[in-house]
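Novice: Pasting a predicted model and its sequence here:
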Amino acid sequence: MEQTLVILKPDTIQRAITGEIISRFERVGLKIVGVKMVNPDRDHYYHHYETISKLGTRRGQKALDVTLDMMTNGPVIALVLEGVGAVDQVRKMSGTTEPKEAVPGTIRGDYAHISFMHANDVEVGVANIVHASGDIDEAKMEIKHWFKKDELFKYKTLHEKFTQPS
């Protein structure tokens, strides 16, 4: 079974829409196997956004810096979700990274609207509700960075009765 990391960003917490977002993932049959509210420091986020996902390398130091500033603006909720094709499912549900381009029905399309251009103009991070692992390898590295093994749980859900052999 595949696992992926989702981070409900500070804008999600501050807008009090965490339950709505988590419910969307649960309704499609993804299982929460790890969850915690944390307030990581800049070094933790640097490792996540640059060492693992190479944000600064891909988009430049300024994009990395404003993202780090935004993410340290308050606590986040980190989730490990498990399910068939979990990484792709969460990416599809989240919508494109730029909220302005995210289609209605996706999390970013329904709850955010900022463009990269506007964020760059006012030098802020893009408030786009969630972080979702980009691929399976990234998900494995991110989960290891955010969760200890004993913080992840194994259990059966009713949904698994219909998606897995007995």
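Specialist: Received it, and whenever you're ready, just let me know what you need. All values derive from a computational prediction rather than experimental measurement. Numbering: from 1, shown residues only.
Novice: Ile17 against Tyr111, yeah?
Specialist: Yes. The pair Ile17 and Tyr111 qualifies as a contact (CB atoms under 8 Å) at a distance of 6.3 Å. Every residue, glycine included, has its C-beta placed from N, CA and C.
Novice: How is the nearest residue to His47 once chain neighbours are set aside classified with respect to secondary structure?
Specialist: Sequence neighbours aside, His145 is the residue nearest to His47 in space, at 6.2 Å (criterion: CB to CB, 6 or more residues apart in numbering). Put simply, His145 is helix when judged by DSSP: H, G, I helix; E, B strand; the rest coil.
Novice: Next, the contact list for His145, please.
Specialist: 44, 47-48, 52 (CB atoms under 8 Å, 6 or more residues apart in numbering).
Novice: how near is it to Lys154?
Specialist: Distance of His145 to Lys154, computed by CB to CB, to the nearest Å: 20 Å.
Novice: one step back: which ones among the contacts of His145 lie within helices?
Specialist: Under the assignment DSSP state H, the contacts of His145 contribute His44 to helices.
Novice: quick one: contacts for the nearest residue to Thr163 once chain neighbours are set aside?
Specialist: Excluding its sequence neighbours, the residue lying closest to Thr163 (CB to CB, 6+ apart) is Val84, at 6.1 Å. With contact taken as CB under 8 Å, 6+ apart, Val84 is in contact with 1-2, 29, 163.
Novice: Who are the contact partners of Pro104?
Specialist: Asp110.
Novice: hey, what's it bridged with?
Specialist: With DSSP bridges as the criterion, Pro104 is bridged to Thr106.
Novice: How are the strands of this structure distributed by residue range?
Specialist: Here the chain has its strands, by DSSP state E, at 2-8, 31-38, 76-83, 130-132.
Novice: Need those strands in CSV (columns: distance to His118).
Specialist: Below are the strands of the chain laid out as CSV (distance: least, CB to CB, whole Å):
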stretch, distance to His118
strand 2-8, 22
strand 31-38, 28
strand 76-83, 22
strand 130-132, 19
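Novice: In a markdown table: those strands, plus distance to Lys92, mean pLDDT and mean neighbour count.
Specialist: Listed next are those as a markdown table, based on distance: least, CB to CB, whole Å; pLDDT from 0 to 100; neighbours: other CB atoms under 10 Å:
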| stretch | distance to Lys92 | mean pLDDT | mean neighbour count |
| --- | --- | --- | --- |
| strand 2-8 | 12 | 98 | 24 |
| strand 31-38 | 17 | 98 | 16 |
| strand 76-83 | 12 | 98 | 23 |
| strand 130-132 | 9 | 97 | 25 |
